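*Asks:* sequence unknown, structure follows:
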């Protein structure tokens, strides 16, 4: 085990896969010579050269279109979209082309590609550089969606995404890039579609994703120590495929479900989980399902406003106490 | 009618196109024409649902590239893609069957008229969102360049596409990376229902933009299969040799409306008639006779093409409907559509 930052785990995951498979190539804006605006891909150009690690113009449609064309003809591209907000300018390629081509062609075309993108708030970047857009993608059949919370998951799930034969949208939470954590040495590959139980409790199951996992863990600590409420925390990790079995099992154990979502309220991933839980283990619930989300507003920039918009540890503690006690 | 078309009408036939190639060009144009006409008839009989964008009048371009391309080259086309898919060797029953929503369709009824694809023949998809496939073709070209296969991606699109952002992104990208891709704008004078000249800042929507990507401006008479064939061969050779992309504007005209829903009443009186005089298949037949080809050979060829269309129609009509079980198949590479465990 080595201690790596979340950003270094990105580079480690890409390097592991590029070393293993000559057909893995990497492209994006400022990703090669500059090593990425978040410095998540430093060293890849030196290691693999300009043939495999390529800087692109500010042309998101061209970047993802090129990744798609390359994937259908034998390569395994990893494409970076610098901020997930920019997916909006190439959404046709994501939603209409990449997600649908396999189905429309009745399986003639397979797209083993990964779209990496920096997602989420916490950097005071305002409404166009801070969104959590996982739910945009969840609305589209045909894309797998991963959002790691820890450096080890970054490396392991990124490797799994590269090896997966289907297109994967890989959301890196930009406020976690500097976070450190233990990452297994050597070749490390995780599995898509597996949630992780990070903490076992008796009273309430908190399901969270990416940065919100850390807030859920923080809240669970306080709830346990200060209020005697014992919480299970499940890190969803992968929205598509979704590990509903783990979630249902953990909800049945505690009889309570709380989702903590960074996205604005409407149609967040937690709503889908709430619907599944209500359908499939309603009689095991001891009370209403609680969704804790950002209000349904574009994100503000000032630190006071941003901090109060995104679910905080304090808010999670408060809402769980109010609703569960 | 545009000036380049007039000029090319009187130009002598290209001397360097072999006899066999000329027969192949004629045969392919006939097949595309007859099959497309059959698609129209099947619509009128309500055997084909949805919409359809016919290439009637534009066959010379698809046929010329179909003959000029290497079997392992890739075609990317638009929703007006029946001809381009057939021109790569996709079967007529596969195309007509797909239009009719039958099991024998190229896509088993999953795609329909606007998404014809036959990967085994290098027909890498028909894309129904304007502009989307230009960057996708660049990506395929990148893959060929990366792997050193000397394959070329050929991407067909309409005049209206030259005004969408993806056109610019793809052309710049392909030029900067020097990719083996040939972009072919089929300028049929109308973007859907509107004259392209009314919505475009330059006279030649693709060719006049070529300079912006450091590419030469290439305009060809799209109703002359020989002319298109020559230009196609040059561009394919250049791409294969590492010379980078080409942007070709082929002037042509569609004989029918934009889609099934469009009777094309916006066309000035006499315009269609003028272009029918320059029907690519009529012109080509005249040329072959002038060059000394035997008329009975051509008549046999015409009968054979019609026989093939008839046989394909019968096969498609007899093909079973898809199974409703197919609805949830082939979202993922494992053949299924599961999004949860």
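*Replies:* Looks like it came in fine. Quick caveat: nothing in here was measured; it's all calculated off a predicted structure.
*Asks:* Tell me the residues of the stretch 101-250 of chain B that contact chain A?
*Replies:* Contact residues, the stretch 101-250 of chain B versus chain A (Cβ under 8 Å from any Cβ of the partner chain): B:106-108, B:110-111, B:115, B:117-119, B:124-125, B:127, B:129, B:131-144, B:146-147, B:151, B:153, B:165-166, B:169-170, B:172-173, B:176-177. C-betas here are computed from N, CA, C, even on glycine.
*Asks:* Produce a ChimeraX select command limited to the buried residues of those.
*Replies:* Buried residues within these, by 16 or more other Cβ atoms under 10 Å in any protein chain shown, are selected in ChimeraX with:
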select /B:106,107,108,110,111,115,117,118,119,124,125,127,129,131,132,133,134,135,136,137,138,139,140,141,142,143,144,146,151,153,166,169,170,172,173,176,177
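*Asks:* where's the one residue sitting closest to the centre of chain B relative to chain A, distance?
*Replies:* Nearest residue to the geometric centre of chain B (Cα atoms, centre = their mean): residue B:84, 3.4 Å. According to Cβ to the nearest Cβ, to the nearest Å, residue B:84 stands 15 Å off from chain A.
*Asks:* My read is that that residue contacts residue B:156, right?
*Replies:* Yes: Residue B:84 is within contact range of residue B:156, at 5.5 Å (criterion: Cβ atoms under 8 Å).
*Asks:* rewinding a little: list the contacts for the residue nearest to the centre of chain B?
*Replies:* Residues near residue B:84 by Cβ atoms under 8 Å, 6 or more residues apart in numbering or on different chains: B:55, B:62, B:65-66, B:75, B:77, B:123, B:126, B:156.
*Asks:* Counting only strands, which of those make the cut?
*Replies:* Secondary structure from DSSP state E places B:75, B:77, B:123, B:126, B:156 of those in strands.
*Asks:* could you dump those residues to CSV with pLDDT?
*Replies:* Output for the ones in strands among the contacts of residue B:84, formatted as CSV (pLDDT from 0 to 100):
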residue, pLDDT
B:75, 98
B:77, 97
B:123, 98
B:126, 98
B:156, 98
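*Asks:* I'd like to know how many residues surround the residue nearest to residue B:202 when sequence neighbours are not counted.
*Replies:* Among residues not flanking residue B:202 along the chain, residue B:208 sits closest, at 3.7 Å (Cβ to Cβ, 6 or more residues apart in numbering or on different chains). Other residues near residue B:208 come to 16 when the count uses other Cβ atoms under 10 Å in any protein chain shown.
*Asks:* The one 10 residues further on now?
*Replies:* When counting by other Cβ under 10 Å, one arrives at 20 neighbours for residue B:218.
*Asks:* What of residue B:318?
*Replies:* 11.
*Asks:* so who does it touch?
*Replies:* Contacts of residue B:318 (Cβ under 8 Å, 6+ apart): none.
*Asks:* roughly how far apart are it and residue B:110?
*Replies:* Remark: distance between residue B:318 and residue B:110 (Cβ to Cβ, to the nearest Å) = 20 Å.
*Asks:* Likewise for residue A:290?
*Replies:* Remark: distance between residue A:290 and residue B:110 (Cβ to Cβ) = 41 Å.
*Asks:* Show me which residues of the stretch 101-250 of chain A are close to chain B?
*Replies:* So far as Cβ under 8 Å from any Cβ goes, the stretch 101-250 of chain A lies against chain B at A:101-110, A:112, A:141-142, A:165-166, A:193, A:240-245.
*Asks:* redo that, cut-off 10 Å
*Replies:* A:101-113, A:138, A:141-145, A:164-167, A:193-195, A:239-248 (Cβ under 10 Å from any Cβ of the partner chain).
*Asks:* buried subset of those residues?
*Replies:* Buried among these (16+ other Cβ under 10 Å): A:101-113, A:138, A:142-145, A:164, A:166-167, A:193-195, A:239-244, A:246-248.
*Asks:* From what I see, residue A:168 and residue A:159 are in contact.
*Replies:* No: using Cβ atoms under 10 Å, residue A:168 is not in contact with residue A:159, being 11.1 Å away.
*Asks:* Tell me which entries of the residues of the stretch 101-250 of chain A next to chain B lie within helices.
*Replies:* With helices defined by DSSP state H, the entries of these inside them are A:101-104, A:138, A:244-248.
*Asks:* quick one: average pLDDT of the longest helix belonging to chain A?
*Replies:* Counting by DSSP H, the longest helix found in chain A is helix A:211-227. Across helix A:211-227, the average pLDDT comes to 98.
*Asks:* and the helix or strand that comes right after that helix with helix A:211-227, angle?
*Replies:* Where DSSP states H and E defines the elements, the next helix or strand beyond helix A:211-227 is strand A:231-235. If you take axes from the mean of the first three to the mean of the last three Cα atoms, to 10 degrees, strand A:231-235 sits at 170 degrees to helix A:211-227.
*Asks:* What pairs with strand A:231-235, parallel or antiparallel?
*Replies:* In the sheet, strand A:231-235 lines up against strand A:196-199 (antiparallel), strand A:204-208 (parallel) (DSSP bridges).
*Asks:* any idea which of the ones you listed is most buried?
*Replies:* strand A:204-208 (a mean of 27; mean count of other Cβ atoms under 10 Å in any protein chain shown).
*Asks:* so how far is that one from its chain's centroid?
*Replies:* Relative to the mean C-alpha coordinate of its chain, strand A:204-208 is positioned 17 Å out (Cα atoms, centre = their mean, to the nearest Å).
*Asks:* cool, and stretch B:203-218?
*Replies:* 20 Å.
*Asks:* Between its first and last residues, what's the separation in it?
*Replies:* Taking Cα to Cα, to the nearest Å, stretch B:203-218 runs 13 Å from one end to the other.
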